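Engineer: Here you go, sequence then predicted model.
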Amino acid sequence: MSELAELERRITVALERIGRGLDRLPAAATAGAAPAAGTPAPSADAAAEIARLTEALEAERIANAQLTERLKAVKERDAQAAQALESRVETMTRQLDVQGIELQRMRKTAIALREQMRALREAALANMADAHMINKSMLAELESLRATRITETAELDEILAELGPLVAEEVQDA
């Protein structure tokens with residue numbers, strides 16, 4: 001990118017120099033229309049120099065236009081890449097948010113399950129376990145399993161989201 005900027009700067013300086021030289025030539029030609037005594041008339045060498053400078057100016061303009069187009073293409077490509085990266089970061093942020101919420105839910109259900117199991121164990125040791133305690137423990141375990149399943153589903157969704165573009169790219173290459 002810096003090479004393109006440096007080349008563009010050099011071409012611009014060269015174009016300005018050539019332009020100044022061309023501006024001086026017509027002024028010299030009009031001043032030379034009434035040559036002073038002892039001043040030689042413009043020669044064929046001057047005309048050849050003007051033609052050479054004009055060709056060089058045109059070549060520099062073409063090179064400048066080409067470099068400008070290349071710079072524009074590079075900037076567009078960079079903008080597209082930046083937009084794609086921003087989109088990917090946004091998607092990953094959403095996935096992390098969902099995963100964090102599900103992980104927090106799973107931790108809460110695991111804590112509730114441990115508490116229910118501890119209460120059931122204490123009741124069983126005291127021979128006081130009743131159907132209601134067993135049902136509460138089973139419900140806590142079911143909720144823990146549901147939370148685990150939801151967390152795993154979120155992880156699978158993340159994996160599928162990453163595999164989707166890879167599969168699409170592979171299909172295009174085939």
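Structural biologist: Perfect, thanks for sending it.

Engineer: and the gap between residue 101 and residue 90?
Structural biologist: Between residue 101 and residue 90 the distance is 17 Å, computed by CB to CB, to the nearest Å. C-beta here means a position set from N, CA and C on the backbone, and glycine is covered the same way.

Engineer: just for this structure, where's the confidence low?
Structural biologist: Counting by pLDDT under 70, the ranges of the chain that qualify are 1, 26-42.

Engineer: pull the longest helix from it.
Structural biologist: Ranked by residue count under DSSP state H, the longest helix found in the chain is helix 44-125.

Engineer: Heading C-terminal from that one, find the next helix or strand.
Structural biologist: With elements assigned by DSSP states H and E, the helix or strand that comes after helix 44-125 is helix 131-173.

Engineer: That next one - contacts with which helices or strands?
Structural biologist: Helices and strands touching helix 131-173, as assessed by 3 or more CB pairs under 8 Å, 6 or more residues apart in numbering; DSSP states H and E, comprise helix 44-125.

Engineer: Comparing residue 101 and residue 90, which residue is more hemmed in?
Structural biologist: residue 101 (13 against 10; other CB atoms under 10 Å).

Engineer: Contacts only, for the residue nearest the centre of the chain.
Structural biologist: Central residue of the chain (CA atoms, centre = their mean): residue 82, 1.7 Å from the mean position. The neighbourhood of residue 82, defined by CB atoms under 8 Å, 6 or more residues apart in numbering, contains no residues.

Engineer: now it: how far from residue 138?
Structural biologist: Distance from residue 82 to residue 138, by CB to CB: 53 Å.

Engineer: Residue 171 too?
Structural biologist: Taking CB to CB, one finds residue 171 at 47 Å from residue 138.

Engineer: now swap in residue 106 and tell me
Structural biologist: The value you get for residue 106 to residue 138, if CB to CB is used, is 18 Å.

Engineer: Could you check which of these two has the larger neighbour count?
Structural biologist: Using other CB under 10 Å as the criterion, residue 106 and residue 138 rank with residue 106 on top: 19 against 12.

Engineer: My read is that the more buried one contacts residue 144, right?
Structural biologist: Yes. With contact defined as CB atoms under 8 Å, residue 106 counts as touching residue 144 (7.4 Å).

Engineer: burial of residue 95, as a residue count?
Structural biologist: Counted with other CB under 10 Å, residues neighbouring residue 95 total 16.

Engineer: The residue lying closest to it once chain neighbours are set aside: neighbour count?
Structural biologist: Spatially, and ignoring its direct neighbours in sequence, residue 95 is nearest to residue 158 (4.9 Å; CB to CB, 6 or more residues apart in numbering). Using other CB under 10 Å, residue 158 has 17 other residues around it.
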